[in-house]
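Novice: below is the sequence, then the predicted model.
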Amino acid sequence: MSTPEITVPEIDVDELAQLRANGDITLIDVREPDEYEGGHVPGAQHIQLGTVPERLHEVPEVDGPVYVICARGGRSMTAATYYRSQGIEAVNVAGGTIAWVEAGQPTNAGMNP
């Protein structure tokens, strides 16, 4: 018996910026601590990719999607796939934080969201 492949929807950083401007969203950054500390999307919660399964309980229960971001989109796709397998409506942010910065969007430094 084969398991069905999980499809993860994606948005780009322009769509993420618009969603942030329109209201409060849930965004999880799965990069390494030094990457997150160096600069992240304001309000992004840090849950390092390697800790995603044991920190599943830290993902806020929200009506609607949870957006997942990393540096370029690969690690966040892995995390979003896992979240979706656990019943969380996860959406990957294509291009990641690098595209966010290149688009001239604001960042926060340090470990606070």
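Specialist: Received, thanks. Numbers count the residues shown, from 1 in each chain.
Novice: going forward, measure contacts and count neighbours with C-alpha atoms only.
Specialist: Noted.
Novice: now do the helix ranked longest in the chain: which elements does it pack against?
Specialist: Once the chain is assigned using DSSP state H, the helix that runs over the most residues is helix 74-85. Other elements packing on helix 74-85 under the criterion 3 or more CA pairs under 8 Å, 6 or more residues apart in numbering; DSSP states H and E are strand 66-69, strand 90-93.
Novice: got the contact list for it?
Specialist: The contact list for helix 74-85 (CA atoms under 8 Å, 6 or more residues apart in numbering) reads 6-8, 29-31, 49, 52, 56, 68-70, 89-93.
Novice: can you mark which positions in that helix are buried?
Specialist: Going by neighbour count (16 or more other CA atoms under 10 Å), the buried part of helix 74-85 is 74, 75, 76, 77, 78, 79, 80, 81, 82, 83, 84.
Novice: what pLDDT, on average, does it get?
Specialist: In this model, helix 74-85 has a mean pLDDT of 97.
Novice: how far does that helix sit from its chain's centre?
Specialist: Centroid separation between helix 74-85 and its chain, computed with CA atoms, centre = their mean, to the nearest Å, is 9 Å.
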